[in-house]
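[1] Provided below are the primary sequence and the corresponding predicted coordinates.
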Amino acid sequence: MTNSPSFGAAVTAIAEALPLRAAGFIVTLYGDAVVPRGGEVWIGTIIETCGMVGISETLVRTAVSRLVAAGQLEGWRRGRRSFYRLTEAAGAEFDGASRLIYGPPEPFRWRFLHLPDDGAEARMTQLERQGYARLRANLAVGPARGAVPKGLLAFEAEPAGALPLLPDFAAQSWDLARHASAYETLIAHFAPLEGQGPDSGAEALAARLLLVHAWRQALLHDPRLPPEALPADWPGHAARALFHRLYDALAPLADSHIAARFEGAEGLLAAAPTPRPTTGQHEKTEPAQGLPDEVRRMG
């Protein structure tokens, strides 16, 4: 990338265009920059980093308090400073999200679920948030990820026969246009950053966190159907490739900023993150478990 004075302005425009909420962005910050370096950070670091994308100190403190109340963060004091880390339960949840965000597409298997009449509508609404599609009032189809929901009858299957009909089945069962639009919006926002260079580590980190945040939102709300069930020009493929290219380009400067500015209880955080799969070094992993609704909704 070559230096350009327009990079910072482009990052500011992206931050203003994205639907940023403080709690959701803090979750992104932990997942991308803090957890891979030990998991704890000073609240002053959180405030400074959120300020780079226009989130005020007041909103940060309110969001941190809510994340603590929700059992997502836990805090302690050392002298006059407050430090926070993900709770053990939240850490396990976000490990699953991290595999999806940074890793390759996970394997897919179809699952049909029969719901009992009692409470069927509420259960169906919950399943739809998890990527299932309603076929009838008591029948849903979706990805066989994680354990079978308690109290439901499951049938798992592989498609056979007229496989070219799979895209028609998917288009009739899911609102794919909504997910395609999310990927297209991501591409429109971030593609202009390719070929440009940040003027500082702070700009690189701000751009990377916004990229991860937008990718996480689009990906975790997507049922993530297999390629053979999607249109040939599905924008999710281009969005995934853009994410990995831009992330890798921003990483050196962003990581240098983290090493220089992010403070934990024992001092500056580690300069290098814990290794995780990236483009070109993906490892085979087990399918991620279904993610809790609160992880999907935070944005």
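    Good, I have the coordinates. All of these numbers come straight from a predicted model, not from anything done at the bench.

[2] gap between residue 147 and residue 68?
    When CB to CB, to the nearest Å is applied, the distance between residue 147 and residue 68 equals 29 Å. In this view, the C-beta of every residue, glycine as well, is placed from N, C-alpha and C.

[3] which of those two has more neighbours?
    More neighbours surround residue 68 than the other of residue 147 and residue 68, with 14 against 9 (other CB atoms under 10 Å).

[4] could you pull up the contacting residues of the more buried one?
    Taking CB atoms under 8 Å, 6 or more residues apart in numbering, we find residue 68 in contact with 74-75, 84.

[5] out of the residues you listed, which one sits closest to residue 24?
    When these are compared for distance to residue 24, the smallest value, 15.7 Å, is given by residue 84; criterion: CB to CB.

[6] so after the host helix or strand of residue 92, what's the next helix or strand?
    Taking DSSP states H and E as the criterion, residue 92 maps to helix 88-102. Following helix 88-102 in sequence order, the next helix or strand is strand 110-114 (DSSP H and E).

[7] adjacent strands (with direction) for that following strand?
    Here the strand partners of strand 110-114, with direction, are listed using DSSP bridges: strand 139-143 (antiparallel), strand 153-157 (antiparallel).

[8] please identify the buried residues of that strand?
    Within strand 110-114, the residues scored as buried using 16 or more other CB atoms under 10 Å are 110-113.

[9] one more: stretch 232-249?
    Counting neighbours by 16+ other CB under 10 Å, stretch 232-249 gives 234-236, 239-240, 242-244, 246-247, 249 as buried.

[10] avg pLDDT for it?
    Computed over stretch 232-249, the mean pLDDT rounds to 97.

[11] okay, how far is it across stretch 140-158, tip to tip?
    Criterion CA to CA, to the nearest Å; first-to-last residue distance in stretch 140-158 is 16 Å.

[12] give the buried residues for that stretch.
    Under the neighbour-count criterion of 16+ other CB under 10 Å, stretch 140-158 has 140-145, 149, 152 buried.
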